[in-house]
Every structure is written in C-alpha cells, then in structure tokens.
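Novice: what follows is a predicted protein model with its sequence.
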Amino acid sequence: MSQLCDRARAWASLRADGELSELESAFLDAHLGRCVDCRSFALSAQTVAAALRSVHLERPAPFALAPARARTRSAVRALQFAAVAAVIVAAGLAASASGPGTARTAKPVVMVAGFDSSDHLRELRRPALVEKGHSLPRNRFVPGVAV
C-alpha cells in the first residue's frame, strides 16, 4: 500500500462519517477510480457505518456498587501501601545523595544585568583580552578598542 492509498482510506473513513470536504472527496473519487483495493475498503467502510447508524441504541442495565465499607477498606490499604513505598524511595534517594564522594560542586554563574545580547557581553570582555595580549577577531568593530 502506498501513501496515496493510506490517505484515500483515511478519507473513505471520513466520508462514511460525513466529515469529508468537497475537494478531498473529489481526490478520493479520482483515486477510487484507479485503485480496486481502496474502492473495496471504501465500500466496506460505508457499509459498516450505515449498519452502525441503523442499530437501535440500548440503555445499559443499572448496576450496584460494592458496599461502601469494602470500598473504603481497599482504598485505605492502597493509600497506606503508596505512602510506605514513597517513604522507602525517599529514604533510598537521601542515602544515595549523601554518601561519600557524591557531593557536586556547582559551577559559578555570572549574570550581567542590562545587556541584551552576547555582543554586549563580548564588548565587556574585549578590553580585558587586549590588556592580556590576546589576539582579537578582526571581523567586529568595537569603539574605543584598537585592534
């Protein structure tokens, strides 16, 4: 099956539900004129949709819930089990995080207020690079800094 057949079958399903646009319907008709397999699929989709629409809907029979006391006990047990599991997981995580050699050092973060782009930050760093004798890229012009 090709992508065209996949699309045609999706459109055939939409047409069976009355949700296909006129343009898509025209494309579908053109494809169904060429493809026997898709024509068979479209016919079966239309038949199934018509059969489902013709069936009389039935109301489900009323049903009774289990006694409230039994439901409450099982809910309390499930809640107790979940609480115990959460405590065990939290204790395991705490023990593994506080073990020797697991302390991680955070890298310092520099935040500069009032600068919108990385170009502004480069302008701040450029004079320090010139003083240390680093070479500067020649494709940018910075006022007040000799290149």
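Specialist: Looks like it arrived, so ask away. Numbers count the residues shown, from 1 in each chain.
Novice: where are the low-confidence patches of this protein?
Specialist: Within the chain, the stretches with pLDDT under 70 are 1, 66-71, 95-147.
Novice: count the neighbours of Leu28 for me.
Specialist: 21 (other CB atoms under 10 Å). (C-beta placed from N, C-alpha, C; glycine too.)
Novice: wait, Ala30
Specialist: For Ala30, using other CB under 10 Å, the count is 11.
Novice: quick thing: my sequence starts at 26, can you match it?
Specialist: New numbering, starting at 26: the last item is Ala55.
Novice: so is it in a helix, a strand, or just coil?
Specialist: When classified by DSSP: H, G, I helix; E, B strand; the rest coil, Ala55 comes out as helix.
Novice: longest single helix anywhere in this structure?
Specialist: Longest helix of the chain, by residue count under DSSP state H: helix 93-122.
Novice: so which elements touch that helix?
Specialist: Identification of packing neighbours for helix 93-122 by 3 or more CB pairs under 8 Å, 6 or more residues apart in numbering; DSSP states H and E yields no helix or strand.
Novice: show me which residues of that helix are buried.
Specialist: When burial is assessed from 16 or more other CB atoms under 10 Å, helix 93-122 yields no buried residues.
Novice: the closest residue to Asp42 other than its chain neighbours - how many residues pack around it?
Specialist: If the residues on either side of it in the chain are set aside, Asp42 comes closest to Ala74, at 6.4 Å by CB to CB, 6 or more residues apart in numbering. Residues within reach of Ala74, counting by other CB under 10 Å, total 15.
Novice: how much space between Ala74 and Ala108?
Specialist: Going from Ala74 to Ala108 by CB to CB, to the nearest Å gives 50 Å.
Novice: now Arg34
Specialist: Arg34 is 50 Å from Ala108, by CB to CB.
Novice: check Ala37 too.
Specialist: Separation of Ala37 from Ala108 (CB to CB): 52 Å.
Novice: likewise Arg59?
Specialist: Per CB to CB, Arg59 is found 64 Å from Ala108.
Novice: Trp36 in helix, strand or coil?
Specialist: Trp36 - assigned by three-state DSSP - is helix.
Novice: looks like it contacts Leu45 (just checking).
Specialist: Yes. Contact criterion CB atoms under 8 Å: Trp36 and Leu45 qualify, at 5.7 Å.
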